[in-house]
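*Asks:* Fold the following, please.
(chains A, B and C)
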Amino acid sequence: MYIRVTNVVKKYAARRALDDISFSVQKGQFVALLGPSGCGKTTLLQALAGFVDLDDGKIERDSVVISAKGYTMPPEERRIGMVFQDFALWPHMTVFDNVAFGLKMQRVIKADILRRVGEVLETVHMTGYERYFPHQLSGGQKQRIAIARALAPSPEVLLMDEPLSSLDAKLREEMRWEILRIVHEADITTIYVTHDQMEALSMADHIVVMNQGKVEQEGSAPQLYHEPASVFAADFLGASNLWPGVVVAQSGDVATVDCGGVAVEIVSHAAIHTHVTVMIRPTDIVAWKCEASGTESNHHGLDWHGTTSGTLRDGFGVDAVSGWGTSRFGYGAGGRMVSGLISPAYIKRRAFLGSVWQYYMVMKNNPHLTLEVRHNEEWYVGDSLKVMVPRDRCHALGAVEGSAQCSEIIG
Amino acid sequence: MKISLTKRPFLTLTRGFEGLVSVVILCVLIVYPLGTLLIQTVFPHIFDYHMSWRLSFRPLQEVFQNSGNLAAVFNSLWIGVMAAIFATILGTITAFGTVFSPKGLARLIHALTWVIFFTPSYVIAQGWLILLQDGGILSQLLNLPMGWSQWFFTPMGLVMVMGLRYFPFVHFAMVQAIGHVGPELIRAARLAGAKRIRRFVSIWFPLLAPAWMAGASIAFAEGFGDFGFAAAITPQMQLPLVSYQIYSALNEAPVSYATAAGLSLLVILVTALALWLQFFLLSRRSYATVSSATRVEQESPRHVGPSGWVSLILAGLAFVMPVGATLMQSLWKTQTGGMALSNFSLDAYQSILSPRGDGLSSLVRSFLYALVAAVFTSLLALFIASQMTFNKTPAAKFANLLTMATIAVPGVVLAAGFVFAWNAIWLIPLHLVLYGTPICLALAFIAGSLPYAIRLQLGAMSQLSPNLLMAARTLGAKRLTVIWRIVLPLVRETAISTFLMTFTGTIFELPAASLLYPAGAPPFAVDIASKFNAFLWSQGAAMTIMGLIVVLGSYGFGTMLLRRGLSIHRQVPDVGAVLQSMEGRNVYSCNECG
Amino acid sequence: MSISKRMLAGLGLAGIAAVAVTSLNGLPAAQAAAKPRQLIFYSAQGYDQAMATAFQKKTGIIVKLDDDSTGNIVARMEAERSNPHWDVAWFDGDSTMQALDNEGMLLRGFVPNDVSNYIPLGRSLIAPDRSYYPTGVTAAAAMAYNTRQVPAKDAPKTWADLLKPEFRHAVAMNDPSISGPTFPFVAGIMQQMGRKNGQNYFQKLKANGLRIFQTNDNTLSALLAGQEKVIMIQDSALTNAKVKGEPIKIVYPKSGVYTLPGVIAIDKHAPDMAAAKEFVEFVLSQEGQRVMLNPANGGGDSYFNPVIKGMKPDAARQQTGIHWYRVNPLTAAHQENSIKQWFNENITH
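*Replies:* Sure, this is the predicted structure:
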């Protein structure tokens, strides 16, 4: 373990900004601290940098305590590089002076400063800008200089505080790749604070999701995406369909959940009467149009029963969904895809996202239940459809804490 | 299209008209009086009883040939520079001491600085004199020998008290600027390994250059042309200063207004040069330190650091020493009686407040003058500054130049100008000889505070987004309505500050009061000065204390109203704002004004 | 349109305040109609308020007093010279008044009713062109010694005594550039001894350790504190200190002391010439003189020597044996700048 954060607590008046935080970072890892604003991620970063004193717990680097209750190693002794949200380039210094500052502090001899500044400017592709002042640079260029300044003294850890949030959308994409390239080239342990799950998922080796001063969940990007441990984690990582419900039936490892009149089967051992939240990702849904209203349809040759009865028991065999479907879904035993949800619905709103259509569908049985669906076929508002979700894509998240996270989209 | 074609000329006309109104007001109040004085440098006889337009360069020659005058300019220059440097050091210390101290101490330092800022120069100068002169308070308290305070009556002593007088200019500019420096700029330096002193030298100080330069240049301008110190302390030093040269040109026979005008011209030029130099230095770089990043929670410091204590001592010294000395003097029966208990009495207060004494009536009189001056100054400043900020007409630009140029005009120069301007014979047929009436004095009070008030409002208004006004205009509001309903509420703190500043300044204003008051109705400051002139130290001191109580009471009352009626979110927007406008940067953001 | 109403209200308020100031300053609108006679009176004398009150009581003419230092009074008179507002001006120092007369600002040739009441000293101090009249006289400087430090037998008797070694580093006076009464003293020495010998005298004094303070007050403090043995300042200030019980004794040198008259003058273009003349005559009357001589009215300024027949100075003042040397105001006014500059460069520094 390179950096170990153990039971860290930081209080502001009565509020616990950091509430018993523990996690660790391996040498060379790229770790993202992800969470909404006010979750404590920036405070944690400040604590790592030494700007915030701890009220409890400790932070170690290489088994050396750098912060503990009553002790904070001064930031200037930590050999940590930091890239700030709005770059924090000193406006009265040139690019060269900004980048060379840390080296001067270490009393590096002049020739070496020149060499090293040239080196890092080359790394960030900013050679030739030495004599510029910050206000003469564009946002992306400032970003590169900010990174160069942090890297110049060859720190052991690089902290980045929402470094992309000051850039516009297109530049943000470009700089995301650049930061990854630079960090990998420098081979430096990086802790990266962001509230953007896309940044975290696409860049980090390891993600620490934070909420209200606590670690909500940590793990690799795919792990977090596919197996969120809580409604919060799921919501924050982009899941939009979260249906609260109650387990009404239980057989083997399949539980049937009643979500306001719509039955959903999930793979779970949850006992009857347990409150759970069912999570369905918009991209995991199969939908097709009904031929005529009120008529059952076997559009894709699929066996379909009404869901009003609430008598789903064994799931439904699906032989062949659409061509794209087969490539996206796993199949149950025996090559059959087992559905967890199948229901009639109609389209309430739609939006074209470029590569796919985004639909908000309302369940026929319960107009309060909406489902976000991503699909590449075009339908129209008011169209009646049927939606189906494979059972292994219906996730149950722990007991519901407040129904605010449920995805009742208000038309 | 048709409508806009017919309406546009009308619009530009009215806009030009309003800009013109601003210029006319400034001309009547400032340009015309100053002009009548300055013109005498080349036409020294136009205000003789038999007016003559005989051109003569003798006054100017006298000014520049007299080695005493040149020495005075040189002395004033270097003393002004030294005082500005000293004020910058002190102001920097107290500003950091305030920002990095626990709230209670910060408020105390701030309040003290504020009081010093408000207290008139000559009150402070007189206070130091009472304290330090031979036989003064300190020598009696500590039984010091005669001549112990010779060091005080040297240029260094003057620089010291001037620094202690002017540091609030730097303090206010710095406090606000420190608050605007994104903490990450400093954190970046810490992470790079920079220790406290290095951070100060390499980051804080250069970053804050606009603030301390603005503060220092005002401190210089004030020190260069200050009459309070000139009148009270410099006579004892036998070191001619330009302000004293002007003073003596007007106060020692033979009186020469032409010489005074020539010297004034010199003062105005030097000050303008200093301000221009500061603008020039600052315009070459960007010092935008206001960060857009989300603010990290900052803990208010729990412990008082050394800078906090030093700041408290400095601010305390700068206020308590002169004002405390004045207070003690006011309680002494006789100068030589010293610290004996029997020598303490309220006699001085009694004699002033008694029906026979004139102290009370002149205080009431000055109170009313102050009220009138404050109402008009704050309204005019609001109107003119709005014109200058939101209508960029040539007239507005001219007005801008005017206020910049006249902010440093010494009060006595403007006052002398008022005598000539409003007593001129060409006004007789118009029945406009205002000199000798209260209106003339009130106008002079307004003229004296208007440039400062306008600069203050400009600073505040530069932070308003023009879109706020555009929105109101598109909804049909007329120009004056916009000023009244949109601009005023947004700059109300500054408006109230200009009001208070004019109010308090007017109560103690001396030069204009002494030259312009209607005979038989002396204002308060004239009464105080005459007590000191008659060596009635205790009575003069008692009146000063009474005036200070009124001023501070009004200020306290005003800020209380401000706090109650209007949610106040920053403690000192005003001076910071004027200094910011001196920094010449425009920050268009509306999050500052909500 | 509530806004314009409010603005009007605001302006109205200011207007009311303006009216308040106007009335407070004694210029109510009604006055313009009735127009009682009034006198604008610029003065730097301690007893001027009492004099104004007495005159107003006697004649019903309203006196508007502008009481200020001599410097400010003169500055104001100079500034209004094209359109003067004042009727009567009164301060110490005939050379200063002479300078104003030289500019043609004063009424010349006016002869008060009882001009014959002047004692010879008084008559000698009247302006040659009768543009100003003396109202009293003090010595621009007399010597005073601290009785606790100097026994009477060792007391100085002449100006030259101050050059003796026993007064080395023990004599002080004021700076003529700052202290109003000191210039006539220096000018008087120069006139009596001759410019060259006068300068010589002050240089010898300096060589003997003469100290220069700012004003009467500072110099007197130095004497009382025992820092100096002898000082040379205006005799009315010395008398005032003696009355207060300070341990000093005043010496009027036999060779003479220099006249510093209080002088009164009328504006050449006085708005109310008749009232102005009436006022001057009142000041020179015995009734007016009694007002001046009462220390309750004038403080230290009341310890002057009267120049009107039948008037006795305050009992505290030395009554006889003062030899007056009249300082020529024309010459003094002419030489003022050069003398002050010389003194500043050679003695003060």
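
*Asks:* what are the ranges of the helices in the stretch 301-450 of chain B?
*Replies:* B:306-330, B:347-353, B:359-390, B:394-406, B:411-422, B:438-461 (DSSP state H, counting those that start in this stretch).

*Asks:* nearest to C:A315, of these?
*Replies:* helix B:347-353 (25.1 Å; Cβ to Cβ). Heads up, the C-betas are built off the backbone N, CA and C, glycines and all.

*Asks:* so what does the closest one touch, helix or strand wise?
*Replies:* Counting contacts by 3 or more Cβ pairs under 8 Å, 6 or more residues apart in numbering or on different chains; DSSP states H and E, helix B:347-353 is packed against helix B:359-390, helix B:537-565.

*Asks:* Now do the buried residues in that helix.
*Replies:* Applying a neighbour-count criterion of 16 or more other Cβ atoms under 10 Å in any protein chain shown, one finds B:347-349, B:352 buried in helix B:347-353.

*Asks:* Tell me which two of these sit farthest apart.
*Replies:* Farthest apart among the buried residues of helix B:347-353 by Cβ to Cβ are B:D347 and B:I352. That separation is 9.6 Å.

*Asks:* on that earlier part again, can you tell me which of the helices of the stretch 301-450 of chain B is nearest to C:P128?
*Replies:* It's helix B:411-422; of those, that one is closest to C:P128 (Cβ to Cβ) at 30.4 Å.

*Asks:* Can you tell me which helices and strands the closest one packs against?
*Replies:* When contacts are defined as 3+ Cβ pairs under 8 Å, 6+ apart, helix B:411-422 packs onto helix B:32-38, helix B:242-251, helix B:257-283, helix B:438-461, helix B:511-516, helix C:70-79.

*Asks:* Give me the angle between the second one and helix B:411-422.
*Replies:* If I follow you right, that is helix B:242-251. 40 degrees (axes from the mean of the first three to the mean of the last three Cα atoms, to 10 degrees).

*Asks:* any idea of the angle helix B:242-251 forms with helix C:70-79?
*Replies:* Using the same axes, to 10 degrees: helix B:242-251 against helix C:70-79 is 70 degrees.

*Asks:* check whether helix B:242-251 contacts chain C.
*Replies:* Yes. Shown here: helix B:242-251 in contact with chain C (Cβ under 8 Å from any Cβ of the partner chain) through B:248, B:250-251.

*Asks:* Can you sort out which of those also neighbour chain A?
*Replies:* Answer for those near chain A: none qualify (Cβ under 8 Å from any Cβ).

*Asks:* With neighbour count as added columns, please give those residues in TSV.
*Replies:* Output for the residues of helix B:242-251 next to chain C, formatted as TSV (neighbours: other Cβ atoms under 10 Å in any protein chain shown):
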residue	neighbour count
B:S248	24
B:L250	26
B:N251	19
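
*Asks:* looking at this, A:E60 is in a strand?
*Replies:* Yes. Counting by DSSP: H, G, I helix; E, B strand; the rest coil, one finds A:E60 located in a strand.

*Asks:* Where does the stretch 151-300 of chain C get nearest to chain A, residue-wise?
*Replies:* In the stretch 151-300 of chain C, no residue comes nearer to chain A than C:Q214, which is 48.0 Å away by Cβ to the nearest Cβ.

*Asks:* can I assume that residue is in contact with C:S177?
*Replies:* No. In terms of Cβ atoms under 8 Å, C:Q214 does not count as a neighbour of C:S177; the distance is 9.6 Å.

*Asks:* Now A:D19, what are its backbone angles?
*Replies:* Dihedral pair for A:D19: phi -120, psi 90, per degrees, to the nearest 10.

*Asks:* beta partners of it?
*Replies:* Beta-bridge pairing for A:D19 (DSSP bridges): A:V9.

*Asks:* and it, how many residues sit next to it?
*Replies:* Using other Cβ atoms under 10 Å in any protein chain shown, A:D19 has 19 other residues around it.

*Asks:* what's the spacing between it and C:V230?
*Replies:* Distance, A:D19 to C:V230, using Cβ to Cβ, to the nearest Å: 85 Å.
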